[in-house]
Every structure is written in structure tokens, then in C-alpha cells.
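> Give me coordinates for this.
(3 chains, ligands or ions: 1)
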Amino acid sequence: MDRKALEKEQLSLARKVLLEDKFGDLRLVAGADLTFLDIWKNPTEGLAAFVIVDFKTGRIVEENIISGIVDFPYIPTFLAYRELPLLLKGFENLKNKADIYIIDGQGIAHPRGLGIASHFGVVLDVPSIGVAKSLLFGRYREPDPRRFTPLYSKHSGEIIGWVIRPSKGKKMLFVSPGHKVSVNTSLKIVLEFLRRKWEIPTFLAHNLLQRERRRRLYG
DNA sequence: GCGACAG
DNA sequence: ATCTTGTCGC
Ligand SMILES: [Mg+2]
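Numbering: from 1, shown residues only, chains lettered A, B, ... in the order given. Next up, the predicted model:
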């Protein structure tokens, strides 16, 4: 499948994205991320982790790691074709099902409106949010520490997400809705984690993976 | 044609 | 994404 075909598939799936809150009370919030044992090899073994947090207490309800072979290369705007397969495998392996899934990457803040978080949400038909550590698409004004600014589409000028500066010295967060959640609610949910000084679930998943990776490579 | 470019 | 501890600055 060439780039053009994948772009058409993304545009097709993007039409299914729903930017309205389609969930009841938020009890469990999941965070997901991936790591790779050898980033210099192309078919390489990847690890996907999901960490599920109780949104009322902040307690970790489940930590789940699965592994598998990843062969698709990283190409900007096509991240899902590299990371989604393992995320789907990890999702199926979960004991608990979360009310919303936060994925490391963009939601609708993508040239064709389908970042990995949206792709994940549409395919599984579950609410999702994208929290990225850098910009892929859109324009914004840098927020002051502990403030946030809107992220505008370079196509329509509409607000497609938010840029949050957790605190001075910390890197900015690029938040955008994935699926079945509104632009405003996606911001509220992430801000709530920050307000309560809880680690964002995607970072919990990332940290868990680093420990697991070092364990497999060294002692 | 040039610059931008999640992980 | 990963390689890496101490160190400089507020
Ligand atoms: Mg990641």
C-alpha cells in the first residue's frame, strides 16, 4: 500500500471521528505508549504498554505490557501505521476497559485529521485523546507557564486542540481530541491530571516501558 | 522549490 | 524513538 492509498484511508476514517462526549462518568482513564528494543533495526521488537488510572483516586488499576514485531517505518503523518498494530494487541490484552484512552501522539491535530489517537479511537470505537510532546500540525502562540493556548488548524483556522505549559522548565504538551470527546473536554481532562499533580497516563506508560526495556536489555 | 515533520 | 549523570540556572 503506497502513500496515496494510506492518505485516502486516513481521510476516510477521519470522516468517522466524532467530536462529542460519548461517555458517562469517567472512572478509568488509560494511557498508552510504545518503545522499541532496537531502533536501528527495521523489523524490530516493540513493546506496548497501557496504564489504567482510577480518575477519582489517582490509583493505578492496571499495568499491562505486550510485545510484537514492528516493521512499518516511522513516517511523519503515518505514525499509526507503525504503532497502532501493537496498541490494538495491547488493548485486547487488557483485563479492565477504560472509559477513555489517552495515546502518546496527536488526535485530530493532523494534516488529514487523523492522528494516531483518532485512528485508535475510530477503529476500536472508544473515546480517545491525543497528548503529544511536540507539534505536528497547526499554529499557536506559546503559552506562559501553567497556562494554555488554542491550537488552530492551518486549513480552517478552527481550534483543533490545545498547547499546555504544565510549569516553568517543563516541556509543552499538545493536546487534541481523538474520538468521541470534544475539543473542550479533552483539555479539561488533561488539566485535571495536572491540577491534581498526577502524572499524565501516557507518561506513566512511557516510564513503565523504560523500566521494562532496561530490564530486558541489561539486568 | 522550500520548509515542516507526532514517535 | 534511543544513547546518558551531573550540572547549570531560577
Ligand atoms: Mg511514544
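> Just the helices from chain A, written as ranges.
A:3-14, A:79-92, A:116-124, A:183-195, A:201-217 (DSSP state H).
> and among those helices, the most buried is which?
helix A:116-124 (a mean of 26; mean count of other Cβ atoms under 10 Å). For the C-beta atoms, the positions are set from N, CA and C on the backbone; glycine is no exception.
> Out of the helices of chain A, which is closest to A:Ser134?
Ranking the helices of chain A by their distance to A:Ser134 (criterion: Cβ to Cβ) puts helix A:79-92 first, at 12.1 Å.
> is any part of that closest one close to the ion?
No: in terms of Cβ under 5 Å from the ion, no part of helix A:79-92 sits within range of the ion; the closest distance is 7.3 Å.
> Find the residue closest to A:Val163 in space, skipping its chain neighbours.
Leaving aside its sequence neighbours, A:Val163 sits nearest to A:Tyr140 (Cβ to Cβ, 6 or more residues apart in numbering; 4.7 Å).
> re earlier: tell me which of the helices of chain A lies nearest to A:Pro150.
Of all those, helix A:183-195 comes closest under Cβ to Cβ, at 8.8 Å.
> Please list the residues outside the closest one that contact it.
Helix A:183-195 has contacts (Cβ atoms under 8 Å, 6 or more residues apart in numbering) with A:19, A:21, A:26, A:29, A:55, A:100, A:102, A:107, A:129, A:131, A:148, A:159-162, A:164, A:166, A:173, A:175-178, A:181, A:199-201.
> let's see it at 6 Å
Contacting residues not belonging to helix A:183-195 are listed as A:Asp21, A:Ile129, A:Ile159, A:Trp162, A:Pro166, A:Val175, A:Pro177, A:Ile200 [Cβ atoms under 6 Å, 6 or more residues apart in numbering].
> average pLDDT for it?
The average pLDDT within helix A:183-195 is 98.
> check contacts around the residue in chain A positioned nearest to DNA strand C.
Residue of chain A nearest DNA strand C, by Cβ to the nearest atom of the strand: A:Thr35 (3.5 Å). The contact partners of A:Thr35, by Cβ under 6 Å, 6+ apart, come to A:Leu47, A:Leu209, A:Arg213.
> and if you look at A:Ala205?
A:Gly31, A:Ala32, A:Asp33, A:Ala49, A:Val51.
> rerun that using 10 Å as the cut-off
Contact partners of A:Ala205, counting by Cβ atoms under 10 Å, 6 or more residues apart in numbering, are A:30-35, A:48-52, A:63-65, A:90, A:102-104, A:199.
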